[in-house]
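[1] Sequence first, then the predicted structure:
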Amino acid sequence: MSAGTKATELRQLNNEDLVAKLREAKEELFNLRFQAATGQLENHGRLNAVRKDIARIYTLMRERELGIETVESA
């Protein structure tokens with residue numbers, strides 16, 4: 001994933017791709033936490049970015065589940 005995936009990019013994905021993106025983000029978060037625990041982490045800001053990406057994906061999945069459509073500003 002990039003340094004912070006935008007919601008507009010995620011909205012273009014279908015449900016299967018969102019689940020795959022979520023799985024990738026969770027794996028990356030696990031690896032980052034492992035690096036932080038062993039003192040090998042160089043970019044501490046990446047932890048927050050990945051956490052926010054995961055939250056963003058969960059939010060989009062919940063919006064779709066509830067049938068909520070958001071208006072994107074141009």
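    Received it, and whenever you're ready, just let me know what you need. Residues are numbered from 1 along each chain as shown.
[2] The residue most central in space within the chain and Gly39: what is the separation?
    Closest residue to the average C-alpha location of the chain: Asp53 at 2.4 Å, with Cα atoms, centre = their mean. Here the criterion is Cβ to Cβ, to the nearest Å. By it, Asp53 lies 24 Å from Gly39. For every residue, glycine as well, the C-beta is placed using N, CA and C.
[3] same deal with Ala7?
    33 Å.
[4] Please, which helix or strand holds the residue nearest to the centre of the chain?
    Secondary structure from DSSP states H and E places Asp53 in helix 45-66.
[5] Now do the longest helix seen in the chain: distance to the chain's middle.
    Across the chain, the longest stretch assigned as helix under DSSP state H is helix 15-38. Relative to its parent chain, helix 15-38 has a centroid offset of 8 Å by Cα atoms, centre = their mean, to the nearest Å.
[6] name the helices or strands packed onto that helix?
    If you count contacts as 3 or more Cβ pairs under 8 Å, 6 or more residues apart in numbering; DSSP states H and E, helix 15-38 packs onto helix 45-66.
[7] Give the rounded mean pLDDT of the helix it packs on.
    Throughout helix 45-66, pLDDT has a mean value of 94.
[8] Stretch 11-26 too?
    Here the average pLDDT along stretch 11-26 is 94.
[9] Just the residues contacting it, thanks.
    Contact partners of stretch 11-26, identified using Cβ atoms under 8 Å, 6 or more residues apart in numbering, comprise Met1, Thr5, Leu10, Val50, Asp53, Ile54, Ile57, Tyr58, Leu60, Met61, Arg64, Glu72.
[10] Of the residues you listed, select the buried ones using a PyMOL command.
    The PyMOL command for the buried members of those (criterion: 16 or more other Cβ atoms under 10 Å) is given here:
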select buried, resi 5+10+50+53+54+57+60
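[11] Check the contacts of stretch 11-26 and tell me the two furthest apart.
    Val50 and Glu72 (23.6 Å; Cβ to Cβ).
[12] Starting from Asn48, give me the distance back to Thr38.
    19 Å.
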